[in-house]
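Q: Show me the folded form of this:
(one chain, ligands or ions: 1)
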Amino acid sequence: MTRAVVVEDLRRVFGDTRAVDGATWAAETGQITCVLGPNGAGKTTTIECLEGLQRPDSGSCRVLGVDPWQAGADHRARVGVMLQDGGLPQSVSAARLLGHLQRLYRSHRIDELVDRLDITPFARTPVRRLSGGQRQRVALAAALLGDPEVAFLDEPTAGLDPHARLAVWDLIRERRDEGVALVVTTHGFDEAERLADRIVILDRGTVVADDTPAAIAGGGRLEDAYFALTGGTRG
Ligand SMILES: Nc1ncnc2c1ncn2[C@@H]1O[C@H](COP(=O)(O)OP(=O)(O)OP(=O)(O)O)[C@@H](O)[C@H]1O
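A: Okay, here's the model as predicted:
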């Protein structure tokens, strides 16, 4: 296995806020790495550095051996990105958007993705009129359409109904089995337990755990380990 994603002593500061404060972790090809952490822990900032959308203040990011901030179009075609708010153009329909990406990537996977994510019923509706869950499904299809070697999925099942969640989990696992490195941010313990080969837990910009789900849970529940590691109080 190779390290498709490497984060080394990464720092990103906004004024007085150390959003990412010296984090080091990696994600392997053919594995699902789930990144967990409380609101404001630095997950999205880290992922956006890895996507080349933000420039680290210090430390380094490497994706497929390349610095994402410097990367060109060739590199970007090898990386799938699903942003937290969907990041989709609002006035076009899913059919038009995915058709455009299909031509761009010369992809053969559009029918499979549309079918698996049950996009057909709303394929002709403008993105701005879609429900949150429908938009999530289109954003995931867009991220996976180009057959990426690495995919960054920021809360891919947030707001999805139970059927759609299962469909998304199956798709993510299949891509893993095809050798894709998937980095998935989530707030769901069940999601992390079911999906992750490896879990990275961030808290206040630093890595407080980086191991298999079983090792982090230590024979107990992942949820309990998470609360102990992130200093939260439980209701
Ligand atoms: N552009 C910015 N300007 C100022 N502060 C920012 C900016 N982006 C992020 N931050 C701050 O950095 C910290 C980390 O934010 P980030 O979005 O990375 O957290 P997160 O772990 O993704 O949280 P969530 O679970 O809520 O999505 C937060 O305190 C946030 O307010």
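
Q: My reading is that Val6 lies in a strand. Confirm?
A: Yes. Secondary structure assignment (DSSP: H, G, I helix; E, B strand; the rest coil) places Val6 inside a strand.

Q: Distance-wise, check it relative to Gly65.
A: The spacing between Val6 and Gly65, counted by C-beta to C-beta, to the nearest Å, is 9 Å. C-beta: built from backbone N, CA, C; applies to glycine.

Q: who touches the nearest residue to Gln84 once chain neighbours are set aside in this structure?
A: Of all residues not flanking Gln84 in the chain, Asp154 sits nearest, at 4.2 Å (C-beta to C-beta, 6 or more residues apart in numbering). Contact analysis of Asp154 by C-beta atoms under 8 Å, 6 or more residues apart in numbering lists 43-44, 47, 82-84, 185.

Q: pLDDT check: weakest of those?
A: Scanning those for pLDDT, the smallest score is found at Gln84, 70.

Q: element containing it?
A: Under DSSP states H and E, no helix or strand contains Gln84.

Q: That one: neighbouring residues, count only.
A: Applying the criterion other C-beta atoms under 10 Å, we find 16 residues in the vicinity of Gln84.

Q: Go ahead and confirm it touches Glu155.
A: Yes. Using C-beta atoms under 8 Å, Gln84 and Glu155 qualify as a contacting pair, with a distance of 5.8 Å.

Q: Overlap of the contact sets of those two?
A: With contacts defined as C-beta under 8 Å, 6+ apart, the residues shared by Gln84 and Glu155 are Thr185.

Q: Kindly provide the distance from the residue nearest to Pro38 when sequence neighbours are not counted to Leu202.
A: If the residues on either side of it in the chain are set aside, Pro38 comes closest to Thr230, at 5.6 Å by C-beta to C-beta, 6+ apart. Thr230 sits 9 Å away from Leu202 when distances are taken as C-beta to C-beta.

Q: Could you do Ala164 as well?
A: Computed as C-beta to C-beta, the Ala164 to Leu202 distance reads 26 Å.
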